[in-house]
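S.K.: Make a model of this:
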Amino acid sequence: DFSRKDGWSMYHGDTVPGFPGHPHRGFETVTLVRKGLIDHSDSLGAAARFGGGDVQWVTAGKGIVHSEMFPLLNATEPNPLELFQIWLNLPARHKMVEPHFTMLWNEKIPRLVHQDEAGRSTTVTVVAGALPAAPAPLAPPPESWASQPGADVAIWTLRLEPGAQWPMPAAQGEGTRRMLYFFVGDGLRVGPQDVREHAAMEVDARQDWLLTNTGATVVECLVLQGRPIGEPVAQYGPFVMNTQQEIMQAMQDYRRTQFGGWPWPDSDPVHGTEARRFARYPGQAEDEVPAAA
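M.R.: Just a heads-up that it's a prediction; the model follows:
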């Protein structure tokens, strides 16, 4: 419960926690839900209920309004939610592309299961970015930086059993930067260095690194990498552009057009009381539901 913790409050909805309709321009959101469910609605007319390992990828482009609500489906027990939301910048030439919404269902996201010499397993979930010996990742949105040649974007989650070792391979591209976020577990060794507390650390993407779970419990990590776009960044609230003038233009455009308007009767739609996962894409009447891998 983050209500008022460190000045932040997650409970922005009137009756359901979450983030009612709000705008974005100039970047992408990649939302990885580890636990719980999210109800998505947007100005394109798209809707979804997703969670439990699903990933939602939204290219805001020239402008989108969306809501992210956390449905309280269990009336007598807690409704926990755990997620990562990654903001991925767009290059200047793509900041004003048409917005795009897609779902990467948990059942379809490729995974690599590696067993070390002692038979201990590491599971790598490949949200984006090629990984040697793993199945090919699902395609990112067409205008994403992740879909551009040489961008070398990768988003992986790692799960190491106690004592497990995994040789994390060097990145494929020149100039790639890589971050390793250790967020679950009580001991991780990166090469020769022991990391005893949860931490986000930059690792040299040009070389292989042997990761070792040195604790008695499972270790989980998030790997984020990519070649820097190499352009100026101007960010204000939900807008990420290249100049302050573009930020001002984004604010003026939103006030004038609402980025296409809001097709929902409420600012915080919740999609019923059933725990089913689905996505309804713009202009489509039928729901897409997860299918077995």
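
S.K.: From now on I want contacts and neighbour counts done on CA atoms only, so please keep to that.
M.R.: OK.

S.K.: May I ask which helix or strand encompasses the spatially closest residue to Tyr236 that is not a sequence neighbour?
M.R.: Across the structure, with C-alpha to C-alpha, 6 or more residues apart in numbering as the measure, the residue nearest Tyr236 apart from its sequence neighbours is Ile247 (6.9 Å). Secondary structure here is read from DSSP states H and E; on that basis Ile247 sits in helix 244-257.

S.K.: If we go by neighbour counts, what in the following helix or strand past that helix is buried?
M.R.: From helix 244-257 onward toward the C-terminus, using DSSP H and E, the following helix or strand is strand 278-280. The neighbour-count check on strand 278-280 (16 or more other C-alpha atoms under 10 Å) flags 278-280 as buried.

S.K.: What separation do you get for the closest residue to Val219 other than its chain neighbours and Ala216?
M.R.: For Val219, the nearest residue in space outside its immediate sequence neighbours is Gly185; the separation is 4.3 Å by C-alpha to C-alpha, 6+ apart. Here the criterion is C-alpha to C-alpha, to the nearest Å. By it, Gly185 lies 8 Å from Ala216.

S.K.: Of those two, which one has the most company?
M.R.: Shown here are Gly185 and Ala216; by other C-alpha atoms under 10 Å, Gly185 has more neighbours (22 against 12).

S.K.: The more buried one and Gly215 touch, don't they?
M.R.: Yes: if you go by C-alpha atoms under 8 Å, Gly185 and Gly215 touch, sitting 6.9 Å apart.

S.K.: Could I have the CA atoms of stretch 99-116 written out in PDB?
M.R.: Taking C-alpha atoms only, stretch 99-116 is exported to PDB below (Å, rounded to 0.1, in the frame of the first residue of the first chain):
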ATOM      1  CA  PRO A  99      -0.200   5.600 -31.500                       C
ATOM      2  CA  HIS A 100      -0.100   1.800 -31.200                       C
ATOM      3  CA  PHE A 101      -1.400  -0.700 -28.700                       C
ATOM      4  CA  THR A 102      -0.500  -4.400 -28.400                       C
ATOM      5  CA  MET A 103      -0.500  -7.200 -25.900                       C
ATOM      6  CA  LEU A 104       2.200  -9.800 -25.400                       C
ATOM      7  CA  TRP A 105       0.400 -12.600 -23.600                       C
ATOM      8  CA  ASN A 106       2.400 -14.500 -20.900                       C
ATOM      9  CA  GLU A 107       1.700 -17.800 -22.700                       C
ATOM     10  CA  LYS A 108       3.400 -16.600 -25.900                       C
ATOM     11  CA  ILE A 109       6.500 -14.800 -24.400                       C
ATOM     12  CA  PRO A 110       9.500 -17.000 -25.100                       C
ATOM     13  CA  ARG A 111      11.600 -18.400 -22.200                       C
ATOM     14  CA  LEU A 112      15.000 -19.900 -22.000                       C
ATOM     15  CA  VAL A 113      15.600 -22.500 -19.200                       C
ATOM     16  CA  HIS A 114      19.300 -23.000 -18.500                       C
ATOM     17  CA  GLN A 115      20.700 -25.700 -16.300                       C
ATOM     18  CA  ASP A 116      24.200 -25.300 -14.900                       C
END
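
S.K.: if we can go back for a sec, report the contact partners of the residue nearest to Tyr236.
M.R.: Under the criterion of C-alpha atoms under 8 Å, 6 or more residues apart in numbering, the contact list for Ile247 reads 234-236, 239-241.

S.K.: Model confidence for Gln172, exactly?
M.R.: Looking at Gln172, its pLDDT is 88.

S.K.: Which of the helices or strands spans it?
M.R.: For Gln172, there is no enclosing helix or strand under DSSP H and E.

S.K.: repeat for Thr123
M.R.: Under the assignment here (DSSP H and E), Thr123 is part of strand 121-128.

S.K.: so for that strand, what's the average pLDDT?
M.R.: For strand 121-128, mean pLDDT rounds to 98.

S.K.: List the contacts of the next helix or strand after it.
M.R.: Following the chain from strand 121-128 toward its C-terminal end, the next helix or strand by DSSP H and E is strand 154-160. Defining contact as C-alpha under 8 Å, 6+ apart, one finds that strand 154-160 is touched by 121-130, 146, 166, 212-213, 218-226.
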